[in-house]
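[1] dropping the sequence and predicted coords here.
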Amino acid sequence: MLRPWKLEFEIDKKLEKAVYLQIADTIITDIRSGRLKAGDTLPGSRNLATMLKINRNTVVEAYQVLINEEWVVSKERKGIFVSDRLPALHETPDNRSKETEDDSSAFSTAIINFDDGHPDSKIAPVTELARAYRQIFNRKAKWQMMGYGNEHGDTEFRKTISQMLNHQRGMHISENEISITRGSQMAMFLTAQCLLKEGDQVIVENPGYKPAWKAFEYAGAELLAAAVDDEGISIEDIEKLLTGNKNIKAIYITPHRQYPTTVTLSLARRLKLIELSNNHGITIIEDDYDNEFHFGYRPILPVSSFAELNSYVYVGTLSKVVAPALRIGYLASKNPNLLQKIGDLRKIIDVQGDVIMEQAVMQLIKEGAVKKHIKKATVHYKNKRDFVYSLLEKYLKDIVDFTLPEGGLAFWIVPKEDLNWDTATASLLEKSIKIIHPKQYSYNNIINGFRLSYGSLSQEQLEKSIKIISEVLRYQKAKSK
């Protein structure tokens, strides 16, 4: 099939910009100018690599950047196509300014999205995972994996997860006390549906994680908010709620790195929380969403690892470690009746998980590929974190408060003065910067702070956007006086 579009590109070795970014920005320029139109097909990575006389991986990285920034879409077995829903309006050659002629301006029109802490898909162990899949399909007994399996997931995979939790997170759990899910949100939904009923109450952190709140509300539960400070969820607030409410069934926490503020629940509060849970017969639902990425000596052990705790559901995920597109979550609980209900509900909506994917990930864990990747990724993210910290010190230190997080993929930024967040987020979006509105974390009132994620963004994107954020916040501050 002949392709009418041809990439006009020469590698500029004088530029500090990586070759894959030069390719991506050149294609963005062609899209913006109208040379490439919605639905147009791009050359395959092999063909483009041959045309440019470069390594194919460089082209793959360039296409991944374009996919991440939503300029193009990948359609399985068909190819790479210019997106029908572009993140910015086209500009014709006639109305472009001189500034838009260079690569940096092409970059500036793409929406820079500060998500809630997504990992960098460009460093995912795709090659290792593909190799694991091939090896699985070459096994003599591969036919055994093609039938129906256990609703809680492959037994050997659950055993591998239990060993990981016991060895690395101090837990005391067996494979029969684990259920594999398609991501942590599914684990949260199954837990809510099987633990809660109409009229039950759940204590949640404020600010906190709204997708989990919605799962509880969908099950018919009422939310009760407890404040968060620099030691985590307020025990005083919890005690007041326990005194004034008789139908509290669970407490939902993100103690390792509270979402969205990133603070760690102090040991004193952990112990008091366990005491309250036991005394009142309340289940602790612990969401440990990014345990692996820790930059200090070691991660804080989960609340669920304390042998004194009677009732808990521990929720985790492998999606951030292996690849976001692979939906692998899990929940662990010592409550056999709850697990039975979860299994019965799982069979109704999904029958079972992806056994082949579980086998592939298990192989990566056993051969040490996941451990190696986590080690590599931790260095990668620590460098990004330190870079962002330097940018915050440079551009924002005098107008916001922030601390250096010990792990995770985001900073919590608190302006020194209250802002009009409707205006601030709208102004940033006009400048192609998207942040999550603080109302998305807040219960009733709007929290004066926002989550600045860095995992999936390049250094170029981070510096450009943080500088713009500084300008917008300063303008908002001056305007409010």
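    The structure has been received and is ready for your questions.
[2] just the strands in the stretch 301-450 of the chain please.
    All strands of the stretch 301-450 of the chain, identified by DSSP state E, counting those that start in this stretch, fall at 312-317, 329-333, 400-401, 410-415, 433-434, 450-453.
[3] looking at the ones you listed, which is nearest to Glu460?
    Among the strands of the stretch 301-450 of the chain, strand 433-434 comes nearest to Glu460, with 13.6 Å by Cβ to Cβ. Heads up, the C-betas are built off the backbone N, CA and C, glycines and all.
[4] pull up the pairing partners for that closest one, direction included.
    Strand 433-434 pairs in its sheet with strand 112-113 (parallel), by DSSP bridges.
[5] buried sites along the helix or strand immediately after the strand it pairs with in the chain?
    Next helix or strand after strand 112-113 toward the C-terminus (DSSP states H and E): helix 126-137. Within helix 126-137, the residues that count as buried by 16 or more other Cβ atoms under 10 Å are 128-129, 131-132, 136.
[6] contacts for the very next helix or strand once past helix 126-137, please.
    Downstream of helix 126-137, the next assigned helix or strand under DSSP H and E is helix 155-169. For helix 155-169, the external contacting residues (Cβ atoms under 8 Å, 6 or more residues apart in numbering) are 152, 171-180, 288, 291, 299, 301-302, 305, 314, 316, 330, 332, 358-359, 361-362, 365-366.
[7] whichever of those residues end up buried, select them in ChimeraX.
    Command for ChimeraX, covering only those of those found buried under the criterion 16+ other Cβ under 10 Å:
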select :152,171,173,175,177,178,179,180,288,291,299,301,302,305,314,316,330,332,358,359,361,362,365
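[8] can you list the weak-confidence ranges in the stretch 201-350 of the chain?
    Low-confidence segments of the stretch 201-350 of the chain, defined by pLDDT under 70: 297-298, 323-324.
[9] hmm, back to that, looking at the strands of the stretch 301-450 of the chain, which is buried most?
    Neighbour counts (mean count of other Cβ atoms under 10 Å) averaged over each of the strands of the stretch 301-450 of the chain peak at strand 312-317, with a mean of 27.
[10] quick revisit: make TSV from the buried residues of helix 126-137 and add pLDDT and distance to Arg270 to it.
    Listed next are the buried residues of helix 126-137 as TSV, based on pLDDT from 0 to 100; distance: Cβ to Cβ, whole Å:
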residue	pLDDT	distance to Arg270
Glu128	86	36
Leu129	84	35
Arg131	87	41
Ala132	85	37
Ile136	81	40
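[11] nearest to Ser390, of those?
    Of those, the one sitting nearest to Ser390 (Cβ to Cβ) turns out to be Glu128, at 32.2 Å.
[12] now do the contacts for the closest one.
    Counting by Cβ under 8 Å, 6+ apart, Glu128 makes contact with 364, 369, 373.
[13] do Glu198 as well
    Going by Cβ under 8 Å, 6+ apart, Glu198 touches Gly220.
[14] please report the distance of it from Leu338.
    To Leu338, Glu198 is 18 Å away according to Cβ to Cβ, to the nearest Å.
[15] swap in Gln201?
    Computed as Cβ to Cβ, the Gln201 to Leu338 distance reads 18 Å.
[16] kindly report the same for Ile233.
    Distance check for Ile233 against Leu338: by Cβ to Cβ, it reads 23 Å.
[17] who's more crowded, those two?
    Remark: of Ile233 and Leu338, Ile233 carries more neighbours, 26 against 19, as counted by other Cβ atoms under 10 Å.
[18] who's that one bridged to?
    Following DSSP bridges, Ile233 is listed with bridge partners Val228.
[19] which residues does it contact?
    205, 226-227, 253, 255, 258, 265, 269, 273.
[20] then Asp354?
    Asp354 neighbours (Cβ under 8 Å, 6+ apart): Arg182.
[21] relative to Ile285, how far out is it?
    For Asp354, the distance to Ile285 (Cβ to Cβ) stands at 25 Å.
[22] likewise for Ile399?
    36 Å.
[23] if we can go back for a sec, inside helices: which ones of the contacts of helix 155-169?
    Counted as lying in helices by DSSP state H, out of the contacts of helix 155-169, are 358-359, 361-362, 365-366.
[24] center of this structure, which residue is that?
    Nearest to the mean C-alpha position of the chain, by Cα atoms, centre = their mean, lies His118 at 3.1 Å.
[25] how about that residue: what's its closest non-neighbour residue?
    Once flanking residues are discounted, His118 sits nearest to Ser456: 4.6 Å by Cβ to Cβ, 6 or more residues apart in numbering.
[26] isn't that neighbour up against Asp116?
    No. In this structure, Ser456 is not within contact of Asp116 by Cβ atoms under 8 Å, at 10.5 Å.
[27] quickly note the distance from the residue lying closest to Asp350 once chain neighbours are set aside to Ile328.
    What sits nearest to Asp350 in space, not counting adjacent residues and going by Cβ to Cβ, 6+ apart, is Arg182, at 7.1 Å. Using Cβ to Cβ, we find Arg182 at a distance of 7 Å from Ile328.
[28] who's more crowded, these two?
    More crowded of Arg182 and Ile328, by other Cβ under 10 Å: Ile328, with 25 against 17.
[29] residue contacts, the more buried one?
    For Ile328, the contacting residues are 180-183, 317-319, 322, 357-358, 361, by Cβ under 8 Å, 6+ apart.
[30] ok, now with 10 Å
    Shown in contact with Ile328 (Cβ atoms under 10 Å, 6 or more residues apart in numbering): 153, 157, 161, 180-184, 316-322, 353-354, 357-358, 361.
[31] then Thr423?
    472, 475-476, 479-480.
[32] so Gln258, which of the three states?
    Counting by DSSP: H, G, I helix; E, B strand; the rest coil, the backbone at Gln258 sits in coil.
[33] going forward, begin numbering at 56 instead of 1
    Let's use 56 as the start, then, which means that last one is Gln313.
[34] was I right about it contacting Pro262?
    Yes. If you go by Cβ atoms under 10 Å, Gln313 and Pro262 touch, sitting 8.6 Å apart.
[35] got any residues that touch both of these two?
    Joint contacts of Gln313 and Pro262 (Cβ under 10 Å, 6+ apart) are 283, 467.
[36] shared neighbours, Ser511 and Asp171?
    Common contacts of Ser511 and Asp171 (Cβ under 10 Å, 6+ apart): Leu464.
[37] just to revisit the earlier point, secondary structure added to the contacts of Thr478, as CSV?
    Shown next, in CSV, are the contacts of Thr478 (three-state DSSP):
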residue, secondary structure
Val527, helix
Tyr530, helix
Gln531, helix
Lys534, helix
Ser535, helix
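[38] which of these are buried?
    Among the contacts of Thr478, those buried by neighbour count (16+ other Cβ under 10 Å) are 527, 531.
[39] show me this structure divided up by domain.
    As assigned by automatic domain parsing, the chain contains the domains 74-165, 183-424, 426-535.
[40] can you redo those domains as a markdown table with distance to Phe64?
    Compiled in a markdown table, those are given as follows (distance: least, Cβ to Cβ, whole Å):
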| stretch | distance to Phe64 |
| --- | --- |
| domain 74-165 | 5 |
| domain 183-424 | 28 |
| domain 426-535 | 19 |
